[in-house]
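Colleague: I'd like to go over a predicted model; first the sequence, then the structure.
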There are 2 protein chains.
Amino acid sequence: MNTFEVTYHLDADAAAAPDLAESVLLEQTVETPASVARRVPFVRTQMMGSIRELLPADESGYRVKLSLSSVTASIEPAQFLNVLFGNVSLHASVRLVDFELPDAVRALFTGPRFGVNGWREATGVADRPLMASALKPVGLSLQATIDLCRTLAEGRVDIIKDDHYLSDHSFCPFEQRVRGCLDAVEEVAARTGHRTVYVPNLSGPPDTVRRQAAFAQEAGAPAVLVAPMLLGLPFFQELVTTELSVPVLAHPSFAGSTRIAPATLFGKLFRLFGADAVIFANYGGRFSYSQAVCGAIADQLRAPWRDLAPALPVPAGGMQVGRAVELVEFFGRDVMLLIGGSLLEAGDDLRDRTRALTERVARAAITLNHL
Amino acid sequence: MNTFEVTYHLDADAAAAPDLAESVLLEQTVETPASVARRVPFVRTQMMGSIRELLPADESGYRVKLSLSSVTASIEPAQFLNVLFGNVSLHASVRLVDFELPDAVRALFTGPRFGVNGWREATGVADRPLMASALKPVGLSLQATIDLCRTLAEGRVDIIKDDHYLSDHSFCPFEQRVRGCLDAVEEVAARTGHRTVYVPNLSGPPDTVRRQAAFAQEAGAPAVLVAPMLLGLPFFQELVTTELSVPVLAHPSFAGSTRIAPATLFGKLFRLFGADAVIFANYGGRFSYSQAVCGAIADQLRAPWRDLAPALPVPAGGMQVGRAVELVEFFGRDVMLLIGGSLLEAGDDLRDRTRALTERVARAAITLNHL
């Protein structure tokens, strides 16, 4: 029997849960009345799946484990999502909690091609958290954007990413920005010995993104930024496996369904589809994830999982400079700290404030190493 | 000032709503502390937007109208989504309610290329609701699938769509299915005079979908089925504008965020991105939308909206044969009724039951015409 286990949370009481579980099972397998599906032997034995477990959830409601057909799920990446959370995503009372990865589905994906090690090689930072910042706000001129990039590099951040609103604007065109920022970090490296990885943002329909990817890689960009949910996960995976030869940093824009558990969406799906590092909304910032959820995302990204490379967690979203040490202590060494707006508040002191921050993180990491 | 109005619902009380509104505004414009963004004149005047209105919502919480930058939103379709509901989609207390379509964004899209008229031309049905059914469950052999298609055509449905789980399975390969089903409906038309439009499902990463689209159109498919959220809206739009010369029926799989109002997601965004007909979970079926929400989706799809063609609403999801007349009365003439599993329960009587249904719908439409 070619099945794999998928877990859903049901907002239902003891009386309603069994029926809802049954209807989720039908929806994610044959989407046909059971009496119809059972008529065909192949459908009955290979496609209908089963309810493996239905138990009260810790919080409230019920948790159901279903065996679903990996015959359908392993055809291609979009069908995998379709089986995982296609139609039931429309059920207001159903959330995707977790899934098991069968061999046939595993074979569709490369997962992270570079993962944690790729970021360590690209930055030359072996054993401490990576410090990242962002070029923003959108609206800065080309020259102001390049100047900001240079200043942050002089401040010795490891990674500088485009803001996700940076696109191919007339006031800051994609190609000139990519070339200018790559030149700026190279010039700073030659002068100071500190290497900074500039990460341009790729955004648009497939043809546009492919052109941007080709240009960025040709120009020497050592990594790229992509928002998988904005672009579509199947295209994201195709881009990763057929176009990109550098690590990819995944942005969470448009991912906002609380109906997929964050650790599963960001920690498993983004990793499976090929992200080498994943930005997520950190606890205590502008968004509402709890510390436990953020820990679970980070754990899931780095945990051994079949033969997939680990990916780097990137807590972000309104992070304050003063929290860097706390975050290093919480997330440990294999993390990229992304601090943008709070650094930029330094104004003319940006370079020095950035440098002070990177040194503080390095010291915190040394303490970690001695624990 | 290049701005457009976007409306969000905030789960917040009177004390918290103003701050939350302010933070949504920053998130969807400059994603930088306001003090930083204000330093640059172009950013301050062109990019920061403003709060236009903040009022208690009818239900609970608050409704905020923001002016957001169309400079960023009009760059390309992915950035439009990014500005509309990128990062704030991650805020558990924020929902996208509605948006206004500025000229610069309108210019990015074709909207429905065929719309309601395209379906009427393809089916030859001028003035009554269209009746659609589906080939399912997945797991039927190639021959059984083609036989089912023929029987439904003999039952005189107007449209037969692939189930969204039908992909390129070894037991029912895409190309053979498309050819076989097209031949079957053509043979029935020659014999009975009733024309049925067969709609194959396209699914996968962009390269796969493009190959399938080319094959299907070459083989003579008069329309195609695509799930825009599964494939990614920007790719969907590129597919529609660069590859498809036939109407597209949009499937709602993976669209399950209650955080975008259904009438806005299915009625406006799917239409704007180019769907000619949009399947949605109908009231009283397997899903939880109310009758009012379904009416709003249908109204939005067909309402005059700038110069965009109207698209055809397709209520679906566990629809019962017995409800066909009620639905015609509710949705009116410009609708495609999609009834799958409930028809299939007829077993050996499928052809006759289908024909009885299509005749009942036709009669209900005549009654409508006389009202």
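Modeller: Received, thanks.
Colleague: every contact and neighbour count from this point should use C-alpha atoms.
Modeller: Fine.
Colleague: how about the strands in the stretch 151-300 of chain A?
Modeller: In the stretch 151-300 of chain A, strands defined by DSSP state E, counting those that start in this stretch lie at A:159-162, A:197-199, A:224-226, A:248-250, A:277-281, listed in chain order.
Colleague: next, format those as TSV and append mean neighbour count, distance to A:S89 and mean pLDDT.
Modeller: As requested, the strands of the stretch 151-300 of chain A are exported to TSV (neighbours: other CA atoms under 10 Å in any protein chain shown; distance: least, CA to CA, whole Å; pLDDT from 0 to 100):
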stretch	mean neighbour count	distance to A:S89	mean pLDDT
strand A:159-162	25	32	92
strand A:197-199	27	33	95
strand A:224-226	25	24	93
strand A:248-250	27	22	88
strand A:277-281	27	21	85
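Colleague: out of the ones you listed, nearest to B:L68?
Modeller: Put simply, out of those the one that sits nearest B:L68 is strand A:159-162, at 20.2 Å, with distance taken as CA to CA.
Colleague: so in that sheet, which strands flank the closest one, and in what orientation?
Modeller: Paired strands of strand A:159-162, with direction, are strand A:130-135 (parallel), strand A:197-199 (parallel) (DSSP bridges).
Colleague: please save the CA atoms from that strand in CSV.
Modeller: Presented in CSV, the C-alpha positions along strand A:159-162 are these (Å, rounded to 0.1, in the frame of the first residue of the first chain):
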residue,chain,number,x,y,z
ILE,A,159,25.1,39.1,4.7
ILE,A,160,23.2,42.0,3.1
LYS,A,161,19.9,41.2,1.5
ASP,A,162,17.7,43.4,-0.7
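Colleague: how about A:D98, secondary structure?
Modeller: When the structure is reduced to helix, strand and coil (DSSP: H, G, I helix; E, B strand; the rest coil), A:D98 reads as strand.
Colleague: that older thread, closest to B:A356 out of the strands of the stretch 151-300 of chain A?
Modeller: B:A356 sits nearest to strand A:224-226 of all the strands of the stretch 151-300 of chain A, at 51.6 Å, using CA to CA.
Colleague: determine the set of other helices and strands touching that closest one.
Modeller: Packing contacts for strand A:224-226, counted by 3 or more CA pairs under 8 Å, 6 or more residues apart in numbering or on different chains; DSSP states H and E, involve strand A:248-250.
Colleague: coming back round to it: same list (the strands paired with strand A:159-162) but as TSV, adding distance to B:G155.
Modeller: Supplementary listing: those in TSV, determined by distance: least, CA to CA, whole Å:
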stretch	distance to B:G155
strand A:130-135	60
strand A:197-199	58
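Colleague: closest to B:A250 out of those strands?
Modeller: Closest to B:A250 of the strands paired with strand A:159-162, according to CA to CA: strand A:197-199, at 34.8 Å.
Colleague: what residues does that closest one touch?
Modeller: The set of residues that contact strand A:197-199 without belonging to it, under CA atoms under 8 Å, 6 or more residues apart in numbering or on different chains, is A:122-123, A:158-162, A:181-182, A:185, A:221-225.
Colleague: next: stretch A:164-181.
Modeller: Counting by CA under 8 Å, 6+ apart, stretch A:164-181 makes contact with A:136, A:138-142, A:145-146, A:149-150, A:198, A:200-203, A:212, A:215-216, A:219, A:221, A:251, B:72, B:75, B:79, B:82-83, all of which sit outside it.
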